[in-house]
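Enquirer: Sequence first, then the predicted structure:
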Amino acid sequence: MEKVNILLAIGYAIGFYIRDRRAKEALVQSERQAAGQIETFRRQIATLNKQVAGRRAASAISVGE
């Protein structure tokens, strides 16, 4: 009976270890995805800022004419 308990304890320990590793891998993957999304949003914001600056410049030129 004692051997069974030891084997069960080892099995639980291995299970928790595997679950912990998978959770860490999932966390790293989600952090990478979030970083990618942030970079995409930064590029979009930069593009929009350039468009706004271009429109303001065009508007200033047409007002100055």
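Expert: Received it, and whenever you're ready, just let me know what you need. From a predicted model like this one, the values you see are computed outputs, not experimental measurements.
Enquirer: Only C-alpha atoms from now on, for both contacts and neighbour counts.
Expert: Noted.
Enquirer: So for this structure, the centremost residue is which one?
Expert: Residue closest to the average C-alpha location in the chain (Cα atoms, centre = their mean): residue 34, at 1.6 Å.
Enquirer: From the contact counts, what lies against the helix or strand containing that one?
Expert: Using DSSP states H and E, residue 34 sits in helix 2-64. Helices and strands touching helix 2-64, as assessed by 3 or more Cα pairs under 8 Å, 6 or more residues apart in numbering; DSSP states H and E, are absent.
Enquirer: average pLDDT across it?
Expert: For helix 2-64, mean pLDDT is 94.
Enquirer: how close does the residue nearest to the centre of the chain sit to residue 10?
Expert: 36 Å (Cα to Cα, to the nearest Å).
Enquirer: Repeat that for residue 39.
Expert: Applying Cα to Cα to residue 39 and residue 10 gives a distance of 44 Å.
Enquirer: And residue 1, by the same measure?
Expert: In this view, residue 1 and residue 10 are 14 Å apart by Cα to Cα.
Enquirer: Same check on residue 38?
Expert: 42 Å.
Enquirer: With residue 21 instead?
Expert: Separation of residue 21 from residue 10 (Cα to Cα) stands at 17 Å.
Enquirer: Ok, residue 44 next?
Expert: 51 Å.
Enquirer: and what of residue 17?
Expert: Taken as Cα to Cα, the span from residue 17 to residue 10 is 10 Å.
Enquirer: thinking again about what came up before, who has more neighbours out of residue 1 and residue 10?
Expert: Neighbour count, other Cα atoms under 10 Å: between residue 1 and residue 10, residue 10 has more, with 12 against 6.
Enquirer: Just give the number of residues close to residue 45.
Expert: 12.
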